[in-house]
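>>> sequence unknown, structure follows:
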């Protein structure tokens, strides 16, 4: 018995989300200028503390998660690649929802994380998912 290999192309006809089971809170990501940035939390906090007239300590003392998330958003500079490790393009609707949720105390602004490759930390569709879709 010989094994046959086939090269196929798959086109998604609808949005796909393969969840990893993890959620990101707004202290681990931010959205600016049409992109979602995954933050290097320790590096970002260090950067915020080093800023002239830093308000981070005062904001954290408030204990208000929404105030902290808004401060993270306001201070974020996407050109400083030392504070984020990956970014993804997002729709204007997604960005508007994120910004509106920063002002909404009823929203936790949690983001359900995609399944990612270990090496590149890029969203991927696992082979087992594709295999299952082809079988059905």
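Thanks, I have the structure now. All values derive from a computational prediction rather than experimental measurement.
>>> any idea how far residue 132 is from residue 126?
Separation of residue 132 from residue 126 (CB to CB, to the nearest Å) stands at 9 Å. Quick note: C-beta positions are derived from backbone N, CA and C, even for glycine.
>>> scratch that, residue 34 is what I was asking about
Using CB to CB, which is the criterion applied here, residue 34 is 28 Å from residue 126.
>>> swap in residue 60?
When distance is defined by CB to CB, residue 60 is 38 Å away from residue 126.
>>> between those two, which one's more packed in?
Set residue 60 next to residue 126 and count neighbours by other CB atoms under 10 Å: residue 60 wins out with 14 against 11.
>>> tell me the secondary structure for that one?
Applying DSSP: H, G, I helix; E, B strand; the rest coil to residue 60 yields a three-state assignment of helix.
>>> mind listing what it touches?
Residues near residue 60 by CB atoms under 8 Å, 6 or more residues apart in numbering: residue 68.
>>> show me where pLDDT drops low in this structure?
14-17, 19-20, 114-124 (pLDDT under 70).
>>> Which parts of it are strands?
Assigned by DSSP state E, the chain shows strands spanning 19-24, 29-32, 35-39, 84-89, 111-114.
>>> ranking those by burial, who's on top?
Looking across these with neighbours counted as mean count of other CB atoms under 10 Å, the highest average goes to strand 29-32: a mean of 22.
>>> list the contacts for residue 49?
Contacts here follow CB under 8 Å, 6+ apart; on that basis residue 49 touches 56-57.
>>> any idea how far it lies from residue 95?
27 Å.
>>> again, but for residue 1
On the measure of CB to CB, residue 1 and residue 95 end up 53 Å apart.
>>> neighbour-wise, which of those two wins?
Counted by other CB under 10 Å, residue 1 and residue 95 do not tie: residue 95 has more neighbours, with 16 against 3.
>>> contacting residues for the nearest residue to residue 28 once chain neighbours are set aside?
Nearest in space to residue 28, with sequence neighbours left out and distances taken as CB to CB, 6 or more residues apart in numbering, is residue 39 at 5.7 Å. With contacts taken as CB under 8 Å, 6+ apart, residue 39 has the following neighbours: 27-30, 72, 83-85.
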